[in-house]
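**Student:** Sequence plus the predicted model coming up.
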Amino acid sequence: MSRTASPPAQDFVPFATAALDFHRSLNIPGGPLVTTRAELDTLHAHLVSLHGLFDAHAARTGQLVSVEGDQLRATRTRIWQAADHIHAAYHAAPRPDSGEVPEREGYQAGLPEGAPELTICQRHQRTAHLVRRRTTPADLHSPFTGLVRR
């Protein structure tokens, strides 16, 4: 088995990066002061997709180059943590129909808001299931990745 992979047929990651940069430059300077739930949902989907990409890379690479695999697994964990924070931000954001900002008590109680808005929750739960199988609780709650920069 070769230790280097063949080049991908088409590398779309640079296009995704350019699209995010383009979105930021067009929408953030003149856009609303508060991030919309729709944008948070889309950003969550993007992070969940990145999590899957890094999960695949970590699984394949870790078998051949353990140090690189460790770095990729730490990256995967941090991306999940970012997705978890975006999910929380979604529920704290103003509701689109009323503009009402959820009360802190209701948000902390985790009260469901109902369909169709909760596709973000379904995506989050599917990914959380994978995260629980591949990551320890200590990894998820530790502010330190266990990796040392050199």
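**Tutor:** Structure's in. What do you need? Quick caveat, the model's predicted, so the values are computed rather than measured.
**Student:** just the helices in the protein please.
**Tutor:** With helices called from DSSP state H, the chain shows them at 13-27, 37-64, 66-92, 104-109, 119-134, 137-141.
**Student:** so which of those helices gets nearest S98?
**Tutor:** Nearest to S98, of all those, is helix 37-64, at 11.9 Å by C-beta to C-beta. The way it works is simple: take the backbone N, C-alpha and C, and place the C-beta from them, glycine included.
**Student:** Tell me the gap between the closest one and the middle of its chain.
**Tutor:** 6 Å (C-alpha atoms, centre = their mean, to the nearest Å).
**Student:** Buried residues, it. List them.
**Tutor:** By 16 or more other C-beta atoms under 10 Å, the buried positions in helix 37-64 come out as 37, 39-41, 43-44, 46-48, 50-51, 53-55, 57-58, 61-62.
**Student:** is it possible to export the helices of the chain to TSV including distance to S98?
**Tutor:** Shown next, in TSV, are the helices of the chain (distance: least, C-beta to C-beta, whole Å):
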stretch	distance to S98
helix 13-27	23
helix 37-64	12
helix 66-92	15
helix 104-109	14
helix 119-134	18
helix 137-141	34
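**Student:** Next, format those as CSV and append mean pLDDT.
**Tutor:** Below are the helices of the chain laid out as CSV (pLDDT from 0 to 100):
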stretch, mean pLDDT
helix 13-27, 90
helix 37-64, 94
helix 66-92, 92
helix 104-109, 56
helix 119-134, 91
helix 137-141, 80
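**Student:** List the buried residues for stretch 73-89?
**Tutor:** Neighbour count says stretch 73-89 has R73, A74, T75, R76, T77, I79, W80, Q81, A83, D84, I86, H87 buried, by 16+ other C-beta under 10 Å.
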